[in-house]
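**Student:** structure of the sequence below:
(2 chains)
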Amino acid sequence: MKKTGYLHDSMYLLHDTGPYHPEMADRLTAIYKGIEKAGLLDQLTLIPAIRADIKWIETVHTSEYIRRFEEVCLSGNRTFDYPDNQMCTDTYETAFLAAGGVLDVCRRVMTGEIDNAFCAVRPPGHHAEQNEAMGFCYLNNVAIATRYLQMEHGIKRVGVVDFDVHHGNGTQHIFEKDPTVFYYSIHQHPSFTFPGTGREFEKGEDEGQGYTLNSVVLPGQGDDVYQKMIQRDLLPAFERFKPEIILVSTGFDGHMDDDMSDVNLTTKGYSWIMETIVKLGGLYAKGRVISVLEGGYCLDRLGELAENHVRILLNG
Amino acid sequence: MFVSQSMVSKVITIDKDASVFEAQEKMASNGIRHLPIVNSEDILIGIITDRDIRSTMPYRLIKETGSAKEREKLAGLKVKDIMTQDPQTIDLTYTIQDALLMIQKKKVGAFPVVDDNGKLKGILSIRDLLRAFINVLGIGEPGTLVGIEVTERVGQLKKIVDAVTEENISLGSVLVARTWDEGKRAVFPYLLTNNVVRIKKKLSDLGYKLIDPMKWSLDRIPKKP
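**Tutor:** Just a heads-up that it's a prediction; the model follows:
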């Protein structure tokens, strides 16, 4: 059995998105309860949040943006950049704790303390652009972790797999000119859902051409299409790229019971996706797979989805 | 919405006495397909397109199989020999809608834009119209499209917009499909949000039918009876 880290902290509940917002603190509670109920807590290494050093945030976001985020947050403003991004005065700190927690998990994986991990953080990150908050995201946790791994631990090739049902525009744009980061995303077709990017013809820019890959799923499609596309697109791409570590943007919002999307993944389908990624981690990345939570809003399903997710990491 | 706001004002032109080869190179290096020709007073006298050139001299053919004499003859060809004289133009006061309809009707790729004296002021191509259309669709901004079937009756759109406003959601655009089932319209608000769960439920509760995304259509070609 693998040594699997579980980044979990009640501090992540402090980011309050107000009433009727899908990205709510209860999501993390549902995830924790699912893992607890399955009796898996004893087998996991629980990791608490720590605050990120701003120098790592600045490897992705501009100083101007970070300052603006802090000012808007502390001024008591309830939204930032778009009305979607509901926040409270704790949001800025919580976002630093989310990014910092993920960095600490990366450190632990790189020093061999743990093999792989699931980071149940809020706020999520993959929509956050270098200079703009978007789609409930403020700091791009996965992008910051990527830069940290490269600069602090000498990792040359980072593979990012994003299976949130929405395209991770932020992550793609941050790395689209960079051949040292392969960004693969599978999501609902952008003409049918937020944010409207991640079209099949977006394949990276300049030096990074060929290091971005998008698979698009149509409304109503589910497990079999995901399997077909991941086998057709992701497997050969990673065989060529050979990532030294895999970061996963995990979104459970493609589940058939999650009404944030029109695609119909089942709980079993989600397990297949994660098993496949963990296999790729074993093949190319010495088993180093770090999963970071993005979306997933169906409170009745998050428990079982998270349970299966960490079980697959444990079985690595 | 005058074309003067969407056209390219710094027009790349070519001299009527330039060689056709020169014209070809100018198009390739600038990534364009139309070169207007003006006289010394900036008055438009013609236009040459990549298509004119290709139909005059199928490049690969002459390069590989043409005789020396043939090649020489083609090399001597000048822009004025093959340009379209007095091409179809549009005025600065034409609107985007005029241009869209004209391009469809005349089946050309670009219009030189001229002032009252015939002086070249700009060029408007299909590419500029596409950009304008993308702007109007609002798809450059992050958002979510929702498809709603409504009965063709006054006030339907107001109710939808009111519901969207109550949810504190900004509208990127509202598209209306002109052809739908008898007595119905399909309305597609582009909502600048990731969070459409509540608005969808609200619209359903108001009695609207949300259209299955796989059946969405912005440009359904009307069925012939």
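**Student:** so residue A:18 sits in a helix?
**Tutor:** No: counting by DSSP: H, G, I helix; E, B strand; the rest coil, residue A:18 is not found in a helix; it is coil.
**Student:** I'd guessed it sits against residue A:84; true?
**Tutor:** No: Residue A:18 lies out of contact with residue A:84 (C-beta atoms under 8 Å); the separation is 11.5 Å. Placement of C-beta: from N, CA and C, glycine included.
**Student:** so which of these two has more stuff around it?
**Tutor:** Neighbour comparison, residue A:18 and residue A:84: the larger count goes to residue A:84, with 28 against 11 (by other C-beta atoms under 10 Å in any protein chain shown).
**Student:** and residue 1, what does it touch?
**Tutor:** Answering for chain A, as no chain was given. Residues in contact with residue A:1 (C-beta atoms under 8 Å, 6 or more residues apart in numbering or on different chains) are A:43, A:314, A:315, A:316.
**Student:** try chain B instead
**Tutor:** B:95, B:96, B:97.
**Student:** nearest to residue A:244, of those?
**Tutor:** Using C-beta to C-beta, residue B:96 is the member of those that sits closest to residue A:244, with 51.2 Å.
**Student:** what does the pLDDT read for that closest one?
**Tutor:** If you check residue B:96, the pLDDT there is 91.
**Student:** that one: what's it in contact with?
**Tutor:** When contacts are counted by C-beta under 8 Å, 6+ apart, residue B:96 touches B:1, B:2, B:3, B:6, B:129, B:132.
**Student:** same check, this time on residue A:24
**Tutor:** Each residue near residue A:24 by C-beta under 8 Å, 6+ apart is listed here: residue A:17.
**Student:** next up, phi/psi of it, please.
**Tutor:** For residue A:24, the backbone dihedrals (degrees, to the nearest 10) come out as phi -110, psi 160.
**Student:** do residue B:78 as well
**Tutor:** phi -110, psi 160.
**Student:** isn't it right next to residue B:21, touching?
**Tutor:** No: between residue B:78 and residue B:21 there is no contact under C-beta under 8 Å: 10.1 Å.
**Student:** one step back: just the closest of the contacts of residue B:1 to chain A, please.
**Tutor:** Checking the contacts of residue B:1 against chain A with C-beta to the nearest C-beta, the nearest one is residue B:96 at 22.5 Å.
**Student:** and the closest one, how close does it get to residue B:119?
**Tutor:** To residue B:119, residue B:96 is 22 Å away according to C-beta to C-beta, to the nearest Å.
**Student:** nearest residue to whichever residue of chain B sits closest to chain A in space, please, no chain neighbours.
**Tutor:** Closest residue of chain B to chain A, C-beta to the nearest C-beta: residue B:142 (3.4 Å). Closest residue to residue B:142 apart from its sequence neighbours, by C-beta to C-beta, 6 or more residues apart in numbering or on different chains: residue A:195 at 3.4 Å.
**Student:** residues contacting that neighbour?
**Tutor:** Counting by C-beta under 8 Å, 6+ apart, residue A:195 touches A:127, A:134, A:135, A:166, A:167, A:169, B:142, B:143, B:194.
**Student:** try residue A:15
**Tutor:** A:25, A:87, A:88, A:90, A:91, A:94, A:95, A:122, A:123.
**Student:** make JSON lines from the residues you listed and add neighbour count, distance to residue B:49 and pLDDT to it.
**Tutor:** JSON lines is the format used below for those (neighbours: other C-beta atoms under 10 Å in any protein chain shown; distance: C-beta to C-beta, whole Å; pLDDT from 0 to 100):
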{"residue": "A:25", "neighbour count": "17", "distance to residue B:49": "61", "pLDDT": "98"}
{"residue": "A:87", "neighbour count": "26", "distance to residue B:49": "54", "pLDDT": "95"}
{"residue": "A:88", "neighbour count": "16", "distance to residue B:49": "59", "pLDDT": "96"}
{"residue": "A:90", "neighbour count": "15", "distance to residue B:49": "61", "pLDDT": "97"}
{"residue": "A:91", "neighbour count": "27", "distance to residue B:49": "55", "pLDDT": "98"}
{"residue": "A:94", "neighbour count": "27", "distance to residue B:49": "58", "pLDDT": "98"}
{"residue": "A:95", "neighbour count": "30", "distance to residue B:49": "53", "pLDDT": "98"}
{"residue": "A:122", "neighbour count": "24", "distance to residue B:49": "56", "pLDDT": "98"}
{"residue": "A:123", "neighbour count": "26", "distance to residue B:49": "52", "pLDDT": "98"}
